[in-house]
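Here is a sequence with its predicted model. Questions after.
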Amino acid sequence: VVYRKKRKYDEALKYHFKALNIREKVLGEEHLDTAISYNNIGYVYSEKDKYEEALEYYVKALKIHIKKSGEEHPNTARFYNNIGVVYRKKRKYDEASTYLFKSLGIRETVLGKEHPDTAMSYNNIGTLHNRKGEYDKAFEYYHKALKIRKKVLGEEHPDTAMSYNNIGTICSKKGKYNKALKYHFKALNIREKILEKEHPNTAMSYNNIGFVYNKIGEYDKALENYFKALEIYKKVLVEEHPDTKNTLYNIKFCQEAKAKKETEETQEQ
């Protein structure tokens, strides 16, 4: 799990498979702890964008839990959620919706409507609508998640920061740039305060703030934030990581837009 959090996925898989082999041998293939190993392996494969492998292990975990614990159990909901996220990543939105709403239904029944896991389901459904370009629905579900997280987890929590971040992204996509900046700065302030100084989520906030400034033509502010994001990404992620590459692209695009604007202003004088 530590290697997974450090995004060293090959190392994480090595240890997760060692745990799985022991659990299968000592506890059996249908033990709940074995299901947890299947889930952990599925999660790493999902992070590595190996979606078929992720689904294989998530489904194994789900089948064990339905058999041993029943349909209405928090971990059953967890596995439905994880499968739904993978289908969303595969852009199979109908399948994603089915699993994510199954997860939400169980969580609302078993855990209640004001539980962090229920908020997670709202958040993930919001992201599904975001991916489908349904921004009003995404905004609705992200706000539901935020409301729960602020009440149950408090303002200064990573999940609350993520909700602010997600709402900011929707505001940006809807062209409401001032509101987008407000939410992104809320996310950034929380992340700078409670996360490590050089955390990928802090870099995410810098990158998103840079994106909004770029959209409104404030290129110097955009570049300032992009470079802050890049500095963190280069330290905590590999050079070829999609987030690092995306930030490099954003810098290049912003620099070109700035140069074009300066040329046009010079020609007008």
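Looks like it arrived, so ask away.

How far off centre is the one helix or strand E262 maps to?
Per DSSP states H and E, E262 falls inside helix 242-268. Centroid separation between helix 242-268 and its chain, computed with CA atoms, centre = their mean, to the nearest Å, is 27 Å.

Just list what that helix packs against, helices and strands only.
Helix 242-268 sits against helix 200-215, helix 219-236, with contacts defined as 3 or more CB pairs under 8 Å, 6 or more residues apart in numbering; DSSP states H and E. All C-beta spots, glycine's among them, are computed from the backbone N, C-alpha and C.

Now the last one: buried residues?
Along helix 219-236, the positions that meet the burial threshold by neighbour count (16 or more other CB atoms under 10 Å) are 219, 221-223, 225-226, 228-230, 232-234, 236.

Can you convert those residues into TSV and add a column each for pLDDT and distance to K90?
As requested, the buried residues of helix 219-236 are exported to TSV (pLDDT from 0 to 100; distance: CB to CB, whole Å):
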residue	pLDDT	distance to K90
Y219	97	36
K221	97	36
A222	97	32
L223	97	34
N225	97	31
Y226	97	30
K228	97	32
A229	96	27
L230	96	29
I232	95	29
Y233	93	25
K234	91	29
V236	88	27
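
from those, which is closest to P116?
V236 (25.3 Å; CB to CB).

Please name the residues that touch that closest one.
R7, E198, H199, P200, A203 (CB atoms under 8 Å, 6 or more residues apart in numbering).

and if you look at A229?
A203, M204, Y206, N207, G210, T247.

how close does the residue lying closest to the fourth one once chain neighbours are set aside get to S46?
In other words, N207. Spatial nearest neighbour of N207, chain neighbours left out: A229 (4.0 Å); criterion: CB to CB, 6 or more residues apart in numbering. Distance of A229 to S46, given as CB to CB, to the nearest Å: 24 Å.
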